[in-house]
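Peer 1: Quick one, fold the following:
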Amino acid sequence: MITVYYIKVSPSLEEDAFFSHLEKTEEGRRKKILGMTDKKSRMHSLMAGSLLHDALCERLGIPKDESGPFSVAYRQGGKPYLTKYPDIHYSLSHSGEYVCCALGDSPLGVDIQKVTDCPKGVAPRFFTKEDNRRLDACSGDEGKELFFRMWSIKESYVKLTGKGLSGGLSGFEIDWKGDRVLEAGKCAAYFREQKKVAGYAFCVCAGEPIRHIIWKETGII
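Peer 2: Below you'll find the predicted structure:
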């Protein structure tokens with residue numbers, strides 16, 4: 001089963017609350033946060049780390065205030081994993097006002113994107129011919145929403161594989177009817193979208209059919 005937690009982040013935190021969240025964050029992320037100068041990026045990273053901690057505590061049945069940070073290491077290619085709980089797979093994402101964390105029993109990827117104006121030149125360069133055909137058939141807000149849905153699905157897939165964006169986004173296609181990602185015409189992954197977060201494209205991707213998924217909004221932090 002996959003559980004996807006998401007929170008709407010407050011633009012600012014009192015100092016005590018900031019350090020309370022920081023204490024729950026694993027060492028590598030904590031160091032990066034303290035070195036950040038952009039306030040929004042800092043808050044997103046902090047809340048992602050804190051959300052991961054709380055989600056893991058819930059899954060493991062550990063009181064949140066009795067657990068320190070969960071240590072993280074990285075596989076070749078940069079995909080993170082939990083050193084003490086390698087069988088629990090996770091993925092993090094943030095955009096706009098939201099931060100999300102997906103947990104599952106097998107590899108997965110999650111991505112959330114705030115729907116804004118489409119960046120010029122991205123679709124022709126990074127998307128498939130079929131993607132671009134679909135986009136060309138849309139206009140206005142419909143086109144914007146479709147672009148970011150595509151981006152979210154593709155981003156969640158590369159997070160699943162651990163390849164990152166270096167491999168590009170045009171080497172695989174979206175099977176909209178089957179909620180699948182295809183490579184060379186064969187099924188490579190399955191995806192599910194959360195369509196109840198207004199103004200956002202939100203997707204989780206897994207290597208196995210997604211039969212059981214819980215979307216869990218945890219409120220404003």
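Peer 1: need the helices for this protein, in chain order.
Peer 2: The residue ranges that make up the helices of the chain, judged by DSSP state H, are 15-23, 27-35, 39-60, 122-126, 129-136, 140-161.
Peer 1: The one helix or strand in the chain whose mean pLDDT sits lowest - contacts with which helices or strands?
Peer 2: One helix or strand of the chain scores below all others by mean pLDDT, DSSP states H and E: helix 122-126, with a mean of 85. If contacts are counted by 3 or more Cβ pairs under 8 Å, 6 or more residues apart in numbering; DSSP states H and E, helix 122-126 sits against helix 129-136. No exception for glycine: its C-beta is placed from N, CA and C like everyone else's.
Peer 1: picking up where we left off before, where among the helices of the chain is the average confidence lowest?
Peer 2: Of all the helices of the chain, the minimum mean pLDDT falls on helix 122-126 (a mean of 85).
Peer 1: can you dump the C-alpha coordinates of that one into CSV?
Peer 2: Listed next in CSV are the C-alpha coordinates belonging to helix 122-126 (Å, rounded to 0.1, in the frame of the first residue of the first chain):
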residue,chain,number,x,y,z
VAL,A,122,10.1,23.1,-22.7
ALA,A,123,7.4,20.9,-24.3
PRO,A,124,9.0,20.8,-27.8
ARG,A,125,12.3,20.1,-26.3
PHE,A,126,11.5,17.5,-23.6
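Peer 1: Give me the neighbour count for the residue lying closest to S91 once chain neighbours are set aside.
Peer 2: Counting by Cβ to Cβ, 6 or more residues apart in numbering, V110 is the residue found nearest to S91 once chain neighbours are left out, at 4.4 Å. Applying the criterion other Cβ atoms under 10 Å, we find 28 residues in the vicinity of V110.
Peer 1: these two touch, right, V110 and V204?
Peer 2: Yes - counting by Cβ atoms under 8 Å, V110 touches V204, with 4.7 Å between them.
Peer 1: and stretch 107-122, how far apart are its ends?
Peer 2: Taking Cα to Cα, to the nearest Å, the span from the opening residue of stretch 107-122 to its closing residue is 28 Å.
Peer 1: buried set for it?
Peer 2: 107-113, 115, 118 (16 or more other Cβ atoms under 10 Å).
Peer 1: unless I'm mixing things up, A48 is touching S95, no?
Peer 2: No - assessed by Cβ under 8 Å, A48 is found out of contact with S95, at 11.2 Å.
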